[in-house]
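>>> Sharing a sequence plus its predicted fold:
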Amino acid sequence: MNWNKLQNVIKGTITTPSHPNFEAVKNAMVWNELKPNRSPDAIVSVKNEDDIVAAIHFARDNKLKVAMHGGGHTWCGLAVRHGGMTIDLSQLTESTIDKENQKAIIQPVISNQELARRLGQYDLAFPIGHCPTVKASGYLLSGGMSWNLSHWGPGCLSVEAIEFVTAEGKKIIASNSEHPDLFWAARGCGPGMFAVATRFHLKCYPLPKAIMTSTYYYSLDHLSDVVDEVTALGWVMPSIVELSIFLIKAPLELVDQCKSTNGKLCMITAVAFADTKEQGIAALQILETGKMVKHCLSKDLNEPSSFEKLSIISGITWPEKHRNLCENQSSKAKPVDILMAMRDKILDAPSPKSVIVFCQSTGQHDLLEANPTIALSMEGPSYGGIWSIWEKPEDDAANIKWQDEAMAILKPFTNKHYIGETDIIQDPSRIKDSYTVEKWQKLEEIRKKYDPDGVFFGY
């Protein structure tokens, strides 16, 4: 393969297996410390859209399949495939922000935390994801399970257009008026995307002026009653509240009270994205009206917060530089049935960092509603799943076994897998199970239209 021919026409760099830094560059394509045993023929780190066009033409001429690295936050490392070319977009981090019209145009590899910071300088916000280091490309193409989900909806619903380089090496813009079928597919296709997204045109929102949090800790002995009560209260809370139920390790000061449950407890978090302190307090106060509050081990009420503080807390719960397995999904089952089924499983998690969490509906409507305008197929009143998180390679077998067992318990409650956070390498059936039958058929028809020669790896 004459890689020099491509190098001569791009501003970026090409790294092949013969390069002494290849393993390091390849590993950087996957944020998860649980690295896949796969290797591309080359990693092309691009500087701009013209580099992408040249790379696509080179791949077509040499019959190479293409994968994209838009931040590397796929749990099973799909930026790295067997052979082919990985186009690394990690240098594309520019943004332009229009405060007056509440718009932004961003390149694909801006993190949730960084996007919140840039928009915050203009008193704007966007439905970013929870993990601070996740990049825009993978997040938005997968659908975008966001902060303030009940109110703002998935992140992809606030994307107004996407600039692409197609499988033919053409630059196009997809929106509701131009290439609407590609625009439909891009909002939920995730790692199966069949064009390279280079810029996202975002609809932004006024920055909530009073983000506030309340947190409650309960013994797992009260789990059934707590979940029943909290989910019922969630329906009457305003949609500006994000309500979540965690099965998680106890904070240090509560460990002694949780000895009978192996140091694990139930944590309820409520985040109000309010315009005033008074509005936030009123929204969160609803949790104080329940009968189970008198049983909580500890609580922190009406704490002032910000997107930056939320990112820090999420970063602690889902830390970097760890080995990870994940299953995330929507469910139409009763939350109490899901969490009671998982209760005993969290007790024997081999890693204390592993967590089970489900977000719950607020605002008198399902957290995720069926939407024919996007490929994303998640729907139901609950969204969440299982995260196995550990550090040492010698603990791989125990954690993988636990994840598989926990998955088997969760499977009967699954409505749709979340394509951005499910292991489709271990179980390829989860690809189709992430979509309705109708949306899957439409997605494949659009793929054949825009990538008839199979230039992109897809799923």
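Okay, I see it.
>>> Which stretches in the stretch 301-450 of the chain count as strands?
323-331, 355-360, 382-390, 416-422 (DSSP state E, counting those that start in this stretch).
>>> Note down every partner strand of the first one and its orientation.
In other words, strand 323-331. strand 382-390 (antiparallel), strand 416-422 (antiparallel) (DSSP bridges).
>>> Out of the strands of the stretch 301-450 of the chain, which is closest to residue 78?
Nearest of those to residue 78, taken as Cβ to Cβ: strand 416-422 at 10.2 Å. Every residue, glycine included, has its C-beta placed from N, CA and C.
>>> Centre of the chain to that closest one, how far?
Centroid separation between strand 416-422 and its chain, computed with Cα atoms, centre = their mean, to the nearest Å, is 9 Å.
>>> CA atoms only: put it into CSV for me.
The C-alpha trace of strand 416-422 is given here as CSV (Å, rounded to 0.1, in the frame of the first residue of the first chain):
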residue,chain,number,x,y,z
LYS,A,416,-34.5,-1.1,23.2
HIS,A,417,-30.7,-1.2,23.7
TYR,A,418,-29.0,2.1,23.4
ILE,A,419,-26.7,1.7,20.4
GLY,A,420,-24.1,4.0,21.8
GLU,A,421,-23.7,2.1,25.1
THR,A,422,-24.2,-1.6,24.5
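>>> got the buried residues for that strand?
Buried residues in strand 416-422, defined by neighbour count with 16 or more other Cβ atoms under 10 Å: 416, 417, 418, 419, 420, 421, 422.
>>> Touching, the last one and residue 429? I think so.
What it means is residue 422. No: the criterion here is Cβ atoms under 8 Å, and residue 422 misses it with residue 429 at 10.5 Å.
>>> Need phi/psi at residue 176.
phi -70, psi -20 (degrees, to the nearest 10).
>>> Does the closest residue in space to it that isn't next to it in sequence lie in a helix or a strand, and which?
In space, and not counting its chain neighbours, residue 176 is closest to residue 183: 6.4 Å by Cβ to Cβ, 6 or more residues apart in numbering. Following DSSP states H and E, one finds residue 183 within helix 180-186.
>>> who does that helix touch, helix- and strand-wise?
strand 159-165, strand 171-175, helix 437-450 (3 or more Cβ pairs under 8 Å, 6 or more residues apart in numbering; DSSP states H and E).
>>> Quick check: which element contains the residue positioned nearest the centre of the chain?
Geometric centre of the chain, nearest residue: residue 139, 5.2 Å, by Cα atoms, centre = their mean. Using DSSP H and E, residue 139 sits within helix 136-142.
>>> longest strand of the protein?
The single longest strand within the chain, with elements called by DSSP state E, is strand 264-274.
>>> What is it packed up against?
The contact analysis (3+ Cβ pairs under 8 Å, 6+ apart) places strand 264-274 against strand 210-218, helix 223-236, strand 241-249, helix 277-285, helix 335-347.
>>> quick one, the third one and strand 355-360 angle?
This points to strand 241-249. 160 degrees (axes from the mean of the first three to the mean of the last three Cα atoms, to 10 degrees).
>>> again, but for the longest one
Counting by the same axes, to 10 degrees, helix 223-236 points 40 degrees away from the direction of strand 355-360.
>>> so what does helix 223-236 touch, helix or strand wise?
Using 3+ Cβ pairs under 8 Å, 6+ apart, helix 223-236 is in contact with strand 241-249, strand 264-274, helix 335-347, strand 355-360.
>>> Any chance of TSV for those, columns mean pLDDT?
Formatted as TSV, those follow (pLDDT from 0 to 100):
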stretch	mean pLDDT
strand 241-249	98
strand 264-274	98
helix 335-347	98
strand 355-360	98
